[in-house]
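J.: Next input, structure requested:
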Amino acid sequence: MNGLNRKLLLALGIAAVLAVMIAFWLWSQEPKYKVLFSNYSDKDGGAIVAVLEQMNIPYKVSDGGAAIMVPAEQVHQARLKLAAMGLPKGGNIGFELLEKQGFGVSQFIEQVNYQRAVEGELERSIQAISVVENARVHLAIPKSTVFLRDQQKPTASVLVKLQAGRTLERQQVSAVLHLVASSVPGLLVNNVSIIDQNGDLLSDTTKDRANQVDPSQLKYVEDLQRGIAARVEAIITPIVGLKNVLARANAEIDFSSLEEAREEYKPNKNQDNAVIRSQQTNESSAAGGSTAATGVPGALTNQPGANATAPIVNDPNAVGGADGAPPAGPTSKNVTVNYEVDKTVRYTQKTTGVIKRLSVAVVVNQKQEVVDGKLVPRALTDDEKKQITDLAKQAMGYSEARGDTISVVNSAFVPEKIENLPDLPIWRNPDIVEPAKDFGRIALGVIVLFFLYQRALKPMVTRLIEALSPQEEVYQPQAALLADDSSAMLEPPTQQEAAVARNYADNLAQAKALAMENPKLVANVVSSWIAGAGNG
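T.: Numbers count the residues shown, from 1 in each chain. As a prediction, the model looks like this:
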């Protein structure tokens, strides 16, 4: 039993060593894991894990269940397949809620489900903004009525959870306001409120922002100043050389807006070019006028005249004399002419961002000349300085009417101190450290496996083989001869050794003959040998 126990222990030891070697090798060959998804809902997490198991993709859950990790080489493949299945859904229920409605749903439930679907779709749209981690939308849609007096306006509130260290800019807040207002009929932008996770009201339109600085305006001014300075440096650099000119610009911008409507009326000085609006002419005359009263006033003038001596019927063809022609009657003519008034209507809208004044400062390094084999700095001449000033004016868009100013200074630059940065140590160089880590893992695995094989596995296998064949020296006496030195083996056998070999051959032949004649006896002898070896 002692021999059997020893053999069993050796077998168990060999199995344990092999298990350790295999485990260490698998650990050294374990792939790198990367985050597949994080900050997902529990429902999405369960669905993602189920799909990964179906696709036979190994995964790990880290950060207390907040992240799912898969092998680095399978991250993109898993994301594409999950995206094709609509995962992760983000925990927001959209219009797919309306697809799950059964028969017999009341109108109230339909309205509630529709409102929930709109809220879910808005949440998904708002979460598409990069700085928004999560969003909740609440809509207050009043019941419609036929009475305009009782009609109420819908309202909405949005709660956003922003990424750590990120904020929503004014343009993004305005975009969310218009997004929500445009998605609900009758919803006004002023009736939408946006709150972040800290409780700050982002859509506060009651504050007077007239005196507040607009970040977009500041960015516009900075970009304008930077662009002017860059143009000035670019046009002067070919003359003085690289890193020998430095320009800075200051711009005064008028962001005020003005709308003006003006009507001007002017008299028509030149009537020839005037346009007649209306004209009215009144002309009257008295036909066959009566004879005016003549003579001395008195009684005779009040008496009827004598009978006429001329015929009653006059010849119409006869030409009346001076005494017979009736006098001409009075005539009048009235002409009224109305001219168009010289009227000018002018609408003026002043654009914002108008440049009021520009100030540019330019510093030019002194030129270097070779004198007696040495570099000697030289100041610019007046002509060179004037040339640089004129070029800078053209580059900046100089306007004397605006009151722009420019200053060009010629001065020697202080040489830069070039500090020799120390080389990055090898153990901090990622291009070397990462491959070294991978190689080290493989090399360590090989070394450990070789050590286990030499120190543990090989001796155990040797002892196990020896334990399985304890009578090898009885049946093979030549083993003693093989254990001798190589020099002894090369020597020719002596007479004594030859005699022993002949005796061994004779004994072996006799044993074979005995086994053929009486095999039972030979079996009993071998059994006694094995029993004796086990007891020993």
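J.: Poorly predicted segments of the stretch 51-200 of the chain, please.
T.: Judged by pLDDT under 70, the stretch 51-200 of the chain has its weakly predicted residues at 89-102, 150.
J.: if we go to 80?
T.: 63-66, 86-105, 107, 144-151 (pLDDT under 80).
J.: tell me the centre residue of this protein?
T.: Ser130 (6.4 Å; Cα atoms, centre = their mean).
J.: Using the three-state scheme, assign that residue.
T.: State at Ser130, reduced to three classes by DSSP: H, G, I helix; E, B strand; the rest coil: coil.
J.: same check, this time on Leu168
T.: Secondary structure of Leu168, per three-state DSSP, is coil.
J.: May I see the domains of the protein written out as residue ranges?
T.: The chain breaks down into these domains under the TED database: 31-90, 105-208, 226-257+349-411.
J.: Distance to Asn429 for those - can I get that in JSON lines?
T.: Every residue, glycine included, has its C-beta placed from N, CA and C. Formatted as JSON lines, these follow (distance: least, Cβ to Cβ, whole Å):
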{"stretch": "domain 31-90", "distance to Asn429": "19"}
{"stretch": "domain 105-208", "distance to Asn429": "30"}
{"stretch": "domain 226-257+349-411", "distance to Asn429": "30"}
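J.: wait, which of those domains is closest to Asp423?
T.: domain 226-257+349-411 (25.6 Å; Cβ to Cβ).
J.: what is the rounded mean pLDDT of that closest one?
T.: Domain 226-257+349-411 carries an average pLDDT of 91.
J.: So for that domain, first residue to last residue, what's the gap.
T.: 22 Å (Cα to Cα, to the nearest Å).
J.: quick one: Val105 is in a strand?
T.: No: counting by three-state DSSP, Val105 is located in no strand; its state is coil.
J.: Please state the backbone phi and psi of the closest residue to it other than its chain neighbours?
T.: Among residues not flanking Val105 along the chain, Asn113 sits closest, at 7.9 Å (Cβ to Cβ, 6 or more residues apart in numbering). Phi and psi for Asn113, reported as degrees, to the nearest 10, are phi -60, psi -40.
J.: Relative to Tyr33, how far out is Asn113?
T.: 41 Å (Cβ to Cβ, to the nearest Å).
J.: Ok, Ile276 next?
T.: 93 Å.
J.: try Asp196
T.: For Asp196, the distance to Tyr33 - Cβ to Cβ - is 33 Å.
J.: now Ser257
T.: Applying Cβ to Cβ to Ser257 and Tyr33 gives a distance of 57 Å.
J.: Tell me which of the two has more neighbours.
T.: Tyr33 (17 against 10; other Cβ atoms under 10 Å).
J.: Name the nearest residue to that one, sequence neighbours excluded.
T.: Per Cβ to Cβ, 6+ apart, closest to Tyr33 is Met69, 4.0 Å.
J.: Would you check that the one you found makes contact with Lys32?
T.: No: here Met69 lies out of contact with Lys32, judged by Cβ atoms under 8 Å, at a distance of 9.5 Å.
J.: More neighbours: these two, which one.
T.: Using other Cβ under 10 Å, the more surrounded residue of Met69 and Lys32 is Met69, with 19 against 9.
J.: Quickly run through the sheet partners of the host helix or strand of the more buried one, with directions.
T.: Remark: Met69 resides in strand 67-71, with elements defined by DSSP states H and E. Counting by DSSP bridges, the strands paired with strand 67-71 are strand 33-38 (antiparallel), strand 60-62 (antiparallel).
J.: next structured bit after the first one?
T.: Read it as strand 33-38. Using DSSP H and E, the helix or strand that directly follows strand 33-38 along the chain is helix 42-54.
J.: What residues sit buried inside that next one?
T.: Asp44, Gly45, Ala47, Ile48, Leu52 (16 or more other Cβ atoms under 10 Å).
J.: Check stretch 34-43 too.
T.: Under 16+ other Cβ under 10 Å, the buried positions of stretch 34-43 are Leu36, Phe37, Tyr40.
J.: Going by distance to Ala513, which of these wins?
T.: Taking Cβ to Cβ as the measure, Ala513 lies nearest Leu36 of the buried residues of stretch 34-43, at 78.5 Å.
J.: Next one: Val35 relative to Glu283, how far apart?
T.: 103 Å.
J.: residues touching Val408, list them.
T.: Val362, Val364, Lys385, Ile388, Thr389, Ala392 (Cβ atoms under 8 Å, 6 or more residues apart in numbering).
J.: Give me the secondary structure label for the last one.
T.: At Ala392, secondary structure determined by three-state DSSP is helix.
J.: Show the pLDDT at Ala488.
T.: Per the predicted model, pLDDT is 45 at Ala488.
J.: now do the one 5 residues further on
T.: On the pLDDT scale, Pro493 is placed at 52.
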